[in-house]
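Enquirer: the sequence isn't on hand, but the structure is:
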């Protein structure tokens, strides 16, 4: 097995290029993963609010937008979704 130096050099350059390319996309992927995780937690919170709200005949729509708002903003997001629900119903 006889590999020329230029071929081995190109393999090393390709591996280094892939390493830096992976590092470049790792940062934005962490942000996307955090947003998805917060959206899932927001959906769980809305689900729990709907379980408790059934006693008082209260329900919040469970979709991606509301779960994203609640997951990203937290308690102010819950207040915002509830306020928007009441404002848009009238």
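Expert: Perfect, I can see it now. Keep in mind that what you see is a predicted model, and the values were worked out from it rather than measured. Numbers count the residues shown, from 1 in each chain.
Enquirer: CA only for contacts and neighbour counts going forward, please
Expert: Will do.
Enquirer: mind checking the SS state of the nearest residue to residue 47 once chain neighbours are set aside?
Expert: Nearest non-adjacent residue to residue 47, counting by C-alpha to C-alpha, 6 or more residues apart in numbering: residue 62, 7.2 Å away. Secondary structure, DSSP: H, G, I helix; E, B strand; the rest coil: residue 62 is coil.
Enquirer: wait, doesn't residue 62 sit right on residue 44?
Expert: No - shown here, residue 62 and residue 44 do not form a contact pair, counting by C-alpha atoms under 8 Å, at 9.3 Å.
Enquirer: in terms of secondary structure, what does the helix or strand encompassing residue 37 contact?
Expert: Using DSSP states H and E, residue 37 maps to helix 5-53. In terms of contacts (3 or more C-alpha pairs under 8 Å, 6 or more residues apart in numbering; DSSP states H and E), helix 5-53 is packed against helix 64-73.
Enquirer: by contact count, what packs against the helix it packs on?
Expert: Checked by 3+ C-alpha pairs under 8 Å, 6+ apart, helix 64-73 has helix 5-53, helix 75-89 packed alongside it.
Enquirer: that one: how far from the chain's middle?
Expert: Relative to its chain's centre, helix 64-73 lies at 10 Å (C-alpha atoms, centre = their mean, to the nearest Å).
Enquirer: pick out the residue nearest the middle of the protein.
Expert: Central residue of the chain (C-alpha atoms, centre = their mean): residue 36, 1.8 Å from the mean position.
Enquirer: show me where pLDDT drops low in the protein?
Expert: Within the chain, the ranges that satisfy pLDDT under 70 run 1, 90.
Enquirer: could you redo the last one with a cut-off of 80?
Expert: 1-3, 27, 90 (pLDDT under 80).
Enquirer: quick revisit: check contacts around the residue nearest to residue 47.
Expert: 43, 46, 47 (C-alpha atoms under 8 Å, 6 or more residues apart in numbering).
Enquirer: do the same with residue 42
Expert: Contacts of residue 42 were listed using C-alpha under 8 Å, 6+ apart, and they are 66, 67, 68, 69, 70, 71, 72, 74.
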